[in-house]
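# quick one, what's the 3D model for this:
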Amino acid sequence: MNTYFVYIMTNKHHTVLYIGVTNNLIRRVYEHKTGAADGFTKKYNCHKLVWYEEIPDVRIAIEHEKRMKKWKKKFKQNLINSLNPDWRDLYGDIVNTNT
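Modelled structure (predicted):
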C-alpha cells in the first residue's frame, strides 16, 4: 500500500507558502532544502517543512493539494498554527522517525 503526503514549505520569514504532494516526503523535502527541485521553492527559498498530512490514496491527495492551493493565505496559516504553532521545521522529526 502506497502512502502520499500533502505538505507545506515556507521560507525563513514565513512570508511565502508552498503546497505540494509526494509519495516520498523525506526525499522531496530534501530536494527542496538542497535546491535540487527547480521552481517555486528554489526561487523563494522555501526550505522549511511546517505542515504535512499523510493520505493513503493518490487521487485524494492530489485533490486535497489542489483545494488547499486555492485557500486564502490566512486559512493556510491557521492550519499550520493549529498543529505547529512555533512553525518549527518538521524535517528533522520525519527523518529521525524513519531511520
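
# how is residue 14 assigned, secondary-structure-wise?
Put simply, residue 14 is coil when judged by DSSP: H, G, I helix; E, B strand; the rest coil.

# kindly report the same for the one 4 residues further on.
In the three-state summary, residue 18 is assigned as strand, counting by three-state DSSP.

# same check on residue 52?
Assignment for residue 52 (three-state DSSP): strand.

# what does residue 68 give?
Here residue 68 is helix, with the state taken from three-state DSSP.

# okay, now the residue nearest to it when sequence neighbours are not counted: neighbour count?
By the measure of CB to CB, 6 or more residues apart in numbering, the closest residue to residue 68 outside its immediate chain neighbours is residue 19, 5.1 Å from it. Every C-beta, even on glycine, is put in place using the N, C-alpha and C of the backbone. By the criterion of other CB atoms under 10 Å, residue 19 has 19 neighbours.

# with residue 96 as the reference, measure out to residue 19.
Distance, residue 19 to residue 96, by CB to CB, to the nearest Å: 24 Å.

# ok, and what's touching the helix or strand of the chain with the lowest mean pLDDT?
In the chain, no helix or strand scores lower on mean pLDDT, DSSP states H and E than helix 91-97, which sits at a mean of 91. With contacts defined as CB atoms under 8 Å, 6 or more residues apart in numbering, helix 91-97 is touched by 25, 26, 29, 30, 33, 48, 49, 52.
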